[in-house]
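[1] Using only what follows, build the 3D model:
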Amino acid sequence: MHRDSGAAFYEFFAGGGLARLGLEPAFACAFANDIDAAKARAYAAAHGDNLFRLGDVWSLNAADLPGSAALAWASFPCQDLSLAGARGGLAAPRSGTFWGFWRLIEALAAEDRAPETLALENVTGLLTSHGGADFAAIVTALASGGYRVGALEIDAAHFTPQSRARVFIVATRAPIPSDLIAPSPSLPFHSAALVNAVGALPEDARAKWLWWRLPTPAARNATLADILDRTENWDDQEKTNRLLGMMSPAQRARVLTLKKSGATTVGALFRRIRVEDGKRVQRAEARFDGLAGCLRTPAGGSSRQTLLVIDRGIVRSRLISPREAARLMGVSDAYPLPRTTTDALHLFGDGVCVSAVKYLSDHLLAPLAGMRAREAA
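    From the prediction side, this is the model:
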C-alpha cells in the first residue's frame with residue numbers, strides 16, 4: 001500500500017541512495033548520511049545533496065535530524081560487526097557502526113520523535129557472527145527500546161539475476177495489521193539460519209520477536225543474459241584460455257559440453273583459492289544457471305566478476321561492466337553512474353538491491369506507516 005504524500009524517512013549509511021530508490025514514492029527522504037565521499041558524490045548526482053550529510057554517523061546528533069520520520073533505514077557496514085559485549089564500547093566510535101545509529105534513535109526517543117519503524121540491512125553472516133552474539137545484541141537493543149522485532153532473509157535472485165541473500169531486520173512500535181504477522185516461520189524468507197538465530201535469543205528479546213508475513217514473489221523472468229551491455233570490449237583469446245585453464249576438470253567438461261551444444265549461454269565466473277591435496281590452488285569457478293554471483297567491492301582482481309559467453313562454439317570473457325552491475329542491483333539505466341569503474345563497482349558491491357527494498361516496502365514498511373495514518377485520520 002502506497003501513501004500519496006510519502007511518509008518521511010531517514011536514510012543512514014546511504015551509499016548512492018539505492019534504498020531510497022526502492023522506498024520512494026511510499027516514503028519521502030528527509031535526511032541522508034554516509035561517511036564515504038565517493039558515494040556522497042553518487043548520491044548527489046542521483047538525488048541532489050540538499051538532504052545529504054557527509055560524515056561519520058558518530059558525529060551526528062539528534063538536532064541534525066529534521067522533524068520526525070515514520071521510518072529510519074540503516075544498511076550499516078558489513079565489515080564492522082563487533083556489536084556484542086553488553087554495549088561496553090558504546091562510547092567508542094570504533095565499537096560498531098550500529099551503535100552509532102542506535103545512539104541517535106535513543107536520542108530521538110528522549111525527544112519523543114523516534115521513528116516508529118526501523119529497517120536494518122546486512123549480510124546473512126550477521127546471523128552467525130560471534131556465535132550469534134552480534135544478532136542477539138541488535139535484537140536485544142531494539143526490544144529494550146520498545147520495538148517489536150522480526151527479520152527476513154531476502155535474496156535479490158527473487159527479482160534480479162544476481163545471487164545476493166541479505167538479512168532485513170524490521171522493528172516497529174506502530175500498530176501492526178494482523179495479516180502482516182505469521183504464526184510461525186516459513187520459506188522463502190525465514191531460513192534455517194534465521195530460525196536458529198532466533199532460537200538462541202535471550203528470553204526478553206524473544207518475547208518481542210514476531211515472524212513477518214510477506215507473499216512469495218512472482219517468478220523472476222530475467223536472466224543474466226538479459227542485462228548484458230552490447231560491447232566489443234572482450235578479453236583477448238589468451239586471457240580467456242588462461243581462465244579456462246584455471247578451471248577444475250569438471251568445470252572444463254561443462255564448458256566443453258556447452259560449446260558442443262551450439263547454444264548461446266552466459267555464465268558468471270569468480271577466481272577463488274581452493275586447497276587441493278594440501279596445496280592452495282587458484283581456481284576459476286563459473287555458474288551457468290542464469291544468475292550472476294553476489295557482487296563484491298573491487299578489492300582486487302579476484303573480487304571482480306567475469307562474464308563467460310559461449311556462442312556457437314566460441315568462448316569469450318570480460319569483466320562485468322558498471323552498468324551491468326547496476327542492473328543486477330535493480331537500478332534503472334536512468335541512474336547516473338560514478339565517474340570511474342572502481343567507484344561504480346564499489347558503490348553497487350556495497351549496496352542494497354533496489355527491487356528487494358521495494359518489495360519489502362510495498363508489503364511491510366508502507367502498510368505499517370499506512371496503519372498509523374489511518375488511525376490518525
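
[2] end-to-end on stretch 291-305?
    12 Å (C-alpha to C-alpha, to the nearest Å).

[3] Where does pLDDT dip in the stretch 151-300 of the chain?
    Within the stretch 151-300 of the chain, the stretches with pLDDT under 70 are 299-300.

[4] go again using 50 as the cut-off
    Residues of the stretch 151-300 of the chain meeting the criterion pLDDT under 50: none.

[5] Sketch out the strands for it, chain order is fine.
    All strands of the stretch 151-300 of the chain, identified by DSSP state E, counting those that start in this stretch, fall at 165-172, 181-182, 211-212, 265-276, 279-287.

[6] show me where this structure has helices.
    Using DSSP state H, the helices of the chain run over 18-23, 37-47, 97-110, 133-144, 192-199, 203-206, 237-245, 249-261, 322-328, 341-349, 354-360, 366-376.

[7] Out of those helices, which one sits most buried?
    helix 18-23 (a mean of 26; mean count of other C-beta atoms under 10 Å). The way it works is simple: take the backbone N, C-alpha and C, and place the C-beta from them, glycine included.

[8] before we move on, the earlier item: is it possible to export the helices of the chain to CSV including distance to S163?
    Compiled in CSV, those are given as follows (distance: least, C-beta to C-beta, whole Å):
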stretch, distance to S163
helix 18-23, 18
helix 37-47, 24
helix 97-110, 25
helix 133-144, 22
helix 192-199, 16
helix 203-206, 30
helix 237-245, 20
helix 249-261, 17
helix 322-328, 10
helix 341-349, 14
helix 354-360, 12
helix 366-376, 27
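
[9] just the strands of the stretch 151-300 of the chain: most buried one?
    Ranked by mean neighbour count, these are led by strand 165-172 with a mean of 22 (mean count of other C-beta under 10 Å).

[10] The residue lying closest to Q162 once chain neighbours are set aside: what's it in contact with?
    In this structure, Q162 finds its nearest non-sequential neighbour in L328, 4.1 Å apart by C-beta to C-beta, 6 or more residues apart in numbering. If you count contacts by C-beta atoms under 8 Å, 6 or more residues apart in numbering, L328 has them with 156, 160-162, 227, 292, 295, 348.

[11] Nearest to V198 among the residues you listed?
    Distance to V198 across these (C-beta to C-beta) is lowest for A156, with 22.7 Å.

[12] What is the burial count for that closest one?
    25 (other C-beta atoms under 10 Å).

[13] give the contact list for it.
    162-166, 328-330, 353, 355-356.

[14] And the closest residue in space to G290 that isn't next to it in sequence, how close does it get to A8?
    Distance criterion C-beta to C-beta, 6+ apart; nearest residue to G290, sequence neighbours excluded, is T223 at 3.7 Å. Separation of T223 from A8 (C-beta to C-beta, to the nearest Å): 38 Å.

[15] My guess is Q251 contacts R274. True?
    No. Q251 lies out of contact with R274 (C-beta atoms under 8 Å); the separation is 11.5 Å.

[16] what is in contact with the two at once?
    Common neighbours of Q251 and R274 (C-beta under 8 Å, 6+ apart) are R283.

[17] Not including adjacent chain positions, what is the nearest residue to the residue sitting furthest away from the middle of the chain?
    What lies farthest from the middle of the chain is K260; by C-alpha atoms, centre = their mean that is 37.8 Å. Closest residue to K260 apart from its sequence neighbours, by C-beta to C-beta, 6+ apart: G313 at 7.4 Å.

[18] C353 now?
    Excluding the flanking residues, the one nearest C353 by C-beta to C-beta, 6+ apart is A156, at 3.8 Å.

[19] go on, T341?
    P322 (5.6 Å).

[20] Let me see the contact set for that neighbour.
    Taking C-beta under 8 Å, 6+ apart, one finds 337-338, 341, 344-345, 348 in contact with P322.

[21] Great, nothing more from me.
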